[in-house]
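Peer 1: Build the 3D model from these lines:
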Amino acid sequence: GAFGSARAAGVPLLWQHGTGDVIGTVERLEEDARGLRVIGRVSARTAAGRQAARMLREKAVDGLSFGYRVREARGAGPRELLGLDLVEVSIVTHPMQPLARVIAVEDSSSSNFA
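Peer 2: Residues are numbered from 1 along each chain as shown. The predicted structure is shown next:
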C-alpha cells in the first residue's frame, strides 16, 4: 500500500537510474495485491531510448526499479514503508527487487512496456 497514492503524471522513465538519461514516460501506475504495475513508453528520440527499446525487444534487459522518497514508515531493521512519493521509474539490468520485471513489450516506433 505504500505506492497507493502514486500518480503517473510527471514521473520520468529513466535508463539505469541515470538522471540525464530520460528515455520515456510513465503512462499509467496502479498498485494491486502483487505490487506496483507500471505502463510506460520508451521514446526513440534519444540514443539511450533507442538502446533501451532495442534491449527490451531483444529481452537483454527486463528489470524495473523505482526511485522514491519516504513519506511515512515505521520500525527499524527492517523498516516498513507505509507511504512513498514516486520520483522515477527505471529500466535496469539488475533490479534490487528480483521480481520487479518488465512482463510485456509492444513493438512500435517507440516501445510500450508493462
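Peer 1: thought residue 86 was touching residue 3?
Peer 2: Yes. With contacts counted by CB atoms under 8 Å, residue 86 reaches residue 3, the gap being 6.4 Å. All C-beta spots, glycine's among them, are computed from the backbone N, C-alpha and C.
Peer 1: what do the two both touch?
Peer 2: 29, 66, 68 (CB atoms under 8 Å, 6 or more residues apart in numbering).
Peer 1: So the residue nearest the centre of the chain: helix, strand or coil?
Peer 2: Against the mean C-alpha coordinate of the chain, by CA atoms, centre = their mean, the closest residue is residue 89 at 3.0 Å. Of the three states, residue 89 takes strand according to DSSP: H, G, I helix; E, B strand; the rest coil.
Peer 1: Verify the stated contact: it with residue 64.
Peer 2: Yes. Between residue 89 and residue 64 there is a contact under CB under 8 Å: 6.6 Å.
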